[in-house]
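Visitor: sequence plus predicted model, see below.
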Amino acid sequence: MSIVFSRIDDRLIHGQVVTTWVNMHKVEQIIVLNDKVAGDKTQKSILTMAAPAGINVRAFPVEKFGEIIKKNAITRRTMLLFTNSEDVYRAVEAGIPVEELNVGGMRFQEGRERLTKAVSVTPAEREAFKKLLEKSVKITIQMVPNDEKIDLKEVIS
């Protein structure tokens, strides 16, 4: 299994992701796991254009990708990219190996509670994070590699 990095960022592929994390982890492909994005041709083509040259970008519904990796090994150095913790929890339940999770941005808006400057959650996302922690997923909040890592356990109640 060649998943080298898993991240939540509600903006998906953007400057920080493509320049820092991809280089740091020598990522060869980015797989976006989100049902809505997977079904949106326009968004998929925008993501492909946003990725650095030579980086393969694919988008799959969460459970579908769980079925795919049971039959097909991932051979490229792969980054899994999610928009929220609920999708990550569904991925883990579908058998997708996520042992460590980096949380970048989850923007604040109405109905969301701020955990840190960059991370806000709905009640359902908070519950999903708690379930992931119960499954021993190591979760840290860090926008870019130079930022200090914050252990999610310290900011979630």
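Guide: Sure, I can see it. Numbering: from 1, shown residues only.

Visitor: what's near enough to touch the nearest residue to Thr19 once chain neighbours are set aside?
Guide: Among residues not flanking Thr19 along the chain, Pro52 sits closest, at 7.8 Å (C-beta to C-beta, 6 or more residues apart in numbering). From N, CA and C alone the C-beta is placed, and that goes for glycine too. Residues in contact with Pro52, defined by C-beta atoms under 8 Å, 6 or more residues apart in numbering, are Val18, Thr19, Val22.

Visitor: from Ala91, how far out is Asn34?
Guide: Noted for Asn34: a distance of 10 Å to Ala91, by C-beta to C-beta, to the nearest Å.

Visitor: show me how far stretch 144-157 is from its chain's centre.
Guide: Taking C-alpha atoms, centre = their mean, to the nearest Å, one finds the center of stretch 144-157 at 15 Å from the center of the full chain.

Visitor: that one: which residues count as buried?
Guide: Ile150, Leu152, Ile156 (16 or more other C-beta atoms under 10 Å).

Visitor: now it: mean pLDDT?
Guide: Summarised as a single mean, pLDDT over stretch 144-157 is 92.

Visitor: make a markdown table out of the buried residues of stretch 144-157 and add distance to His14 and secondary structure.
Guide: Rendered in a markdown table, the data for those read as follows (distance: C-beta to C-beta, whole Å; DSSP: H, G, I helix; E, B strand; the rest coil):
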| residue | distance to His14 | secondary structure |
| --- | --- | --- |
| Ile150 | 20 | strand |
| Leu152 | 22 | helix |
| Ile156 | 25 | coil |
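
Visitor: okay, the residues you listed in CSV with distance to Thr116 next?
Guide: Below are those laid out as CSV (distance: C-beta to C-beta, whole Å):
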residue, distance to Thr116
Ile150, 6
Leu152, 9
Ile156, 10
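
Visitor: of the residues you listed, closest to Pro61?
Guide: Sorting the buried residues of stretch 144-157 by how near they are to Pro61, with C-beta to C-beta, puts Leu152 at the top with 25.4 Å.

Visitor: can you tell me the helix or strand for Gly54?
Guide: Here Gly54 sits in a region with no helix or strand, counting by DSSP states H and E.

Visitor: for it, which residues are in contact?
Guide: Contact partners of Gly54, counting by C-beta under 8 Å, 6+ apart, are Glu28.

Visitor: brilliant, that's me finished.
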